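Novice: Provide a 3D model corresponding to the input given below.
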Amino acid sequence: MKTLGLLGGMSWESTTTYYQEINRRVRHVQGGLHSARCIVFSFDFAEIEKLQHEGKWDEAGALLDDAASKLKLAGADAIVLCTNTMHFVSHGIERISQLPLIHIVDPTADSILKAGFKSVGLLGTRFTMEKDFYKARLAEKYGLRVIVPEDAGRDTVHTIIYNELCNGIITETSRQSYYNIIEELAKAGAECLILGCTEIGLLVEEAGCPIPVFDTTKIHAIAAADWAMES
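Specialist: Got it, this is the predicted structure:
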């Protein structure tokens, strides 16, 4: 089994889910006491969040590159960036670390296409919903139509992520706010929903949604585990 290098801590709430889902997948496939070979580099998210909101993306990307290099030195065979938003500055990881990056969009889009959907609603941080790095990959590489909430909805989704979900706070009020926004996405033509922030799965459940849900955290984690188990 190959060793996965996890860039986590953005936030640690979702990194916990990654670790659980990767190991559950390995146990499901290989049985017995098998578990994944993982090395985790966990950031202090307060430092990353500050750079994000100050627009200092190059500095944030340099931190990722440096951490990925450390994971290679520690014995990792591939990098798993355990966050959607920071894929915005993931372009240097493979070059600097000389390791493959298992990109979060690719297994998500593959799952959506296999399910037969062509139009997706996207929830995430403002950065993910508004910048092109994520939407363009879905559209240009996979031919998917991407729909995001209106400005007020984007603000609600973003605020709840940083003020609540990243702090482990789950409320029914926020859950209902998300479901209302998802309803609007469905009315706008979204056939399914991408949980494009690794924390949103802590709040949104498919049972409460009017359209099928694709949780990037779980999809990405399973894809990483499968990659590690390939001979």
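
Novice: Distance of the residue of the chain most remote from its centre relative to Val89?
Specialist: Within the chain, Gly32 marks the point farthest from the mean C-alpha position, 28.7 Å out by CA atoms, centre = their mean. Distance, Gly32 to Val89, using CB to CB, to the nearest Å: 39 Å. C-beta: built from backbone N, CA, C; applies to glycine.

Novice: ok, now Trp57?
Specialist: Counting by CB to CB, the gap from Trp57 to Val89 is 5 Å.

Novice: the more surrounded of these two?
Specialist: Val89 (21 against 15; other CB atoms under 10 Å).

Novice: so that one makes contact with Leu64?
Specialist: Yes: Val89 lies in contact with Leu64 (CB atoms under 8 Å); the separation is 6.2 Å.

Novice: ranges for the strands of this protein?
Specialist: Counting by DSSP state E, the chain has strands at residues 3-8, 37-42, 78-81, 119-123, 145-147, 192-195, 213-215.

Novice: Contacts only, for Cys38.
Specialist: Thr3, Leu4, Gly5, Leu6, Tyr19, Ile22, Asn23 (CB atoms under 8 Å, 6 or more residues apart in numbering).

Novice: same thing but at 6 Å, please
Specialist: Leu4, Leu6 (CB atoms under 6 Å, 6 or more residues apart in numbering).

Novice: Same check on Ile160?
Specialist: Ser174 are the contacts of Ile160 under CB under 6 Å, 6+ apart.

Novice: do the same with the one 10 residues further on
Specialist: Under the criterion of CB under 6 Å, 6+ apart, the neighbours of Ile170 are Leu203.

Novice: let's see 8 Å
Specialist: Glu164, Leu202, Leu203.

Novice: With Gly208 instead?
Specialist: Per CB under 8 Å, 6+ apart, neighbours of Gly208: Arg175, Tyr179.
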